[in-house]
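Chemist: okay, structure incoming, though there's no sequence with it:
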Ligand SMILES: C[S@@+](CC[C@H](N)C(=O)[O-])C[C@H]1O[C@@H](n2cnc3c(N)ncnc32)[C@H](O)[C@@H]1O
């Protein structure tokens, strides 16, 4: 296919930054996603999590000619990269939160679409950039903002929140059994010196968890970093809002595909899809329906789709990925 130069004027590309090849990001569960959504020439899709553009590239090939993709990411780096990678008017890259996908679509003159994809979490672009502070593998500032226009960083939370709130955060969003010990240790450390780097945070967590309880497959700081990242970016609130917005904007017969990476995300996706696939939400003991809730989705797979052995062999990051897909039902049911 030929890709012609063209840019919408909302965001201009900045020179420099990583090329697609240099991002090292491998799209996860791409083949089952494409098989489930079946993009065709002339169709319009929203990718709410543009990242390094792996999904956009695959969808673009299939919706050509005449198709269109609105690609959204909270992270400016992803948008700038997309501008350099996709020099076609068929792709519109916009910085924003997928929770706002309806207003973003409206601003770009899109009505109902043939499908929406969400590939949650972080891209390698973000994880492998020390300056972003997402990873304990590198020394960097304790930032973790996907959208660097946001006010609150991970350092603000770690240095400013009361111990009880830190405990609750690390326990709830990190699913961390040593949350109380980690929070106490953070508060002790910060009274001596503010915590400003990923290394400081990593070391505090390492000290707070007795070595014999360190998890086998992940670093002991993984869960604490996850908890902070979720809070800094209001990830679960955005996910709830984004799923509802996606269900509303997909045309009847169109499809939704969501890839999640941990149980908190997958539980939200599973529940939202299951509720939207129900014809009645009345309590089971009630003999007749009074809720007037009607199904807006048909689940295309009861269980989440997992990566196969071949994908796991080439992409360890796919290990915890789960894909759920659903089809939009008619409005008047
Ligand atoms: C796993 S990556 C997506 C990778 C992409 N599918 C690809 O193939 O390159 C997730 C991306 O979603 C973005 N993101 C996460 N939550 C978001 C939200 N609420 N709104 C918009 N973008 C979000 C992140 O900034 C990140 O770039």
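Modeler: Structure received. A quick note: this is a predicted structure, and the numbers were derived from the prediction, not measured.
Chemist: so what's the residue of the stretch 201-333 of the chain at minimum distance from the ligand up against?
Modeler: Nearest to the ligand in the stretch 201-333 of the chain, going by CB to the nearest ligand atom, is residue 238, at a distance of 3.6 Å. (Each C-beta comes from the backbone N, C-alpha and C, glycine too.) Residues near residue 238 by CB atoms under 8 Å, 6 or more residues apart in numbering: 97-99.
Chemist: which of those are close to the ligand?
Modeler: 97-99 (CB under 6 Å from any ligand atom).
Chemist: closest one to residue 326 out of these, please.
Modeler: Nearest to residue 326 out of these is residue 98 (CB to CB; 16.3 Å).
Chemist: what about the closest one, how many residues nearby?
Modeler: 25 (other CB atoms under 10 Å).
Chemist: how many neighbours does the closest residue to it other than its chain neighbours have?
Modeler: In this structure, residue 98 finds its nearest non-sequential neighbour in residue 48, 3.2 Å apart by CB to CB, 6 or more residues apart in numbering. Neighbourhood size, residue 48 [other CB under 10 Å]: 29.
Chemist: for residue 48, give me phi and psi.
Modeler: With angles defined as degrees, to the nearest 10, residue 48 shows backbone torsions of phi -80, psi -10.
Chemist: residues contacting it?
Modeler: 72, 98, 101, 116-118, 242, 246.
Chemist: closest one of those residues to residue 80?
Modeler: Closest to residue 80, out of all of the contacts of residue 48 and judged by CB to CB, is residue 72, at 13.8 Å.
Chemist: packing partners of the host helix or strand of that closest one?
Modeler: Using DSSP states H and E, residue 72 sits within strand 68-73. Where contact means 3 or more CB pairs under 8 Å, 6 or more residues apart in numbering; DSSP states H and E, strand 68-73 is packed against strand 44-47, helix 54-63, helix 76-85, strand 91-95, helix 101-107.
Chemist: just so I know, which of these lies nearest the ligand?
Modeler: Short answer: helix 54-63, nearest of the helices and strands packed on strand 68-73 by CB to the nearest ligand atom, at 2.6 Å.
Chemist: quick check: buried residues in the closest one?
Modeler: 54-60, 63 (16 or more other CB atoms under 10 Å).
Chemist: sorry, back to before: so which of the contacts of residue 48 are in helices?
Modeler: Members of these lying in helices (criterion: DSSP state H): 101, 242, 246.
Chemist: mind putting those into TSV with distance to the ligand, neighbour count and pLDDT?
Modeler: As requested, the ones in helices among the contacts of residue 48 are exported to TSV (distance: CB to the nearest ligand atom, whole Å; neighbours: other CB atoms under 10 Å; pLDDT from 0 to 100):
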residue	distance to the ligand	neighbour count	pLDDT
101	8	26	98
242	6	25	98
246	11	27	98
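Chemist: who's in contact with residue 34?
Modeler: Here residue 34 is in contact with 58-59, 62 (CB under 8 Å, 6+ apart).
Chemist: what does residue 271 give?
Modeler: Per CB under 8 Å, 6+ apart, neighbours of residue 271: none.
Chemist: Three-state assignment for it, please.
Modeler: helix (DSSP: H, G, I helix; E, B strand; the rest coil).
Chemist: need the residues of this structure near the ligand, please.
Modeler: So the chain meets the ligand at 25, 27, 48-49, 51-55, 72-75, 78, 97-99, 119, 121-123, 146, 238 (CB under 6 Å from any ligand atom).
Chemist: thinking again about what came up before, mind checking which of the helices and strands packed on strand 68-73 is nearest residue 170?
Modeler: helix 76-85 (27.5 Å).
Chemist: next, the buried residues of the closest one.
Modeler: Quick answer for helix 76-85 (16+ other CB under 10 Å): 76-85.
Chemist: do me a favour and average the pLDDT over it.
Modeler: For helix 76-85, mean pLDDT rounds to 96.
Chemist: what do you get for stretch 232-241?
Modeler: 98.
Chemist: run the chain-centre distance for it.
Modeler: 9 Å (CA atoms, centre = their mean, to the nearest Å).
Chemist: what ranges do the helices span in the stretch 101-250 of the chain?
Modeler: 101-107, 124-127, 154-160, 163-174, 179-192, 198-208, 222-232, 235-249 (DSSP state H, counting those that start in this stretch).
Chemist: and those helices, which one averages the lowest pLDDT?
Modeler: helix 124-127 (a mean of 94).
Chemist: now do it: which elements does it pack against?
Modeler: helix 76-85.
Chemist: quick one, the helix it packs on and strand 91-95 angle?
Modeler: Inter-element angle recorded for helix 76-85 and strand 91-95: 160 degrees (by axes from the mean of the first three to the mean of the last three CA atoms, to 10 degrees).
Chemist: quick one, helix 76-85 and helix 54-63 angle?
Modeler: Using the same axes, to 10 degrees, helix 76-85 lies at 40 degrees relative to helix 54-63.
Chemist: so how far is the strand holding residue 72 off the chain centroid?
Modeler: 14 Å.
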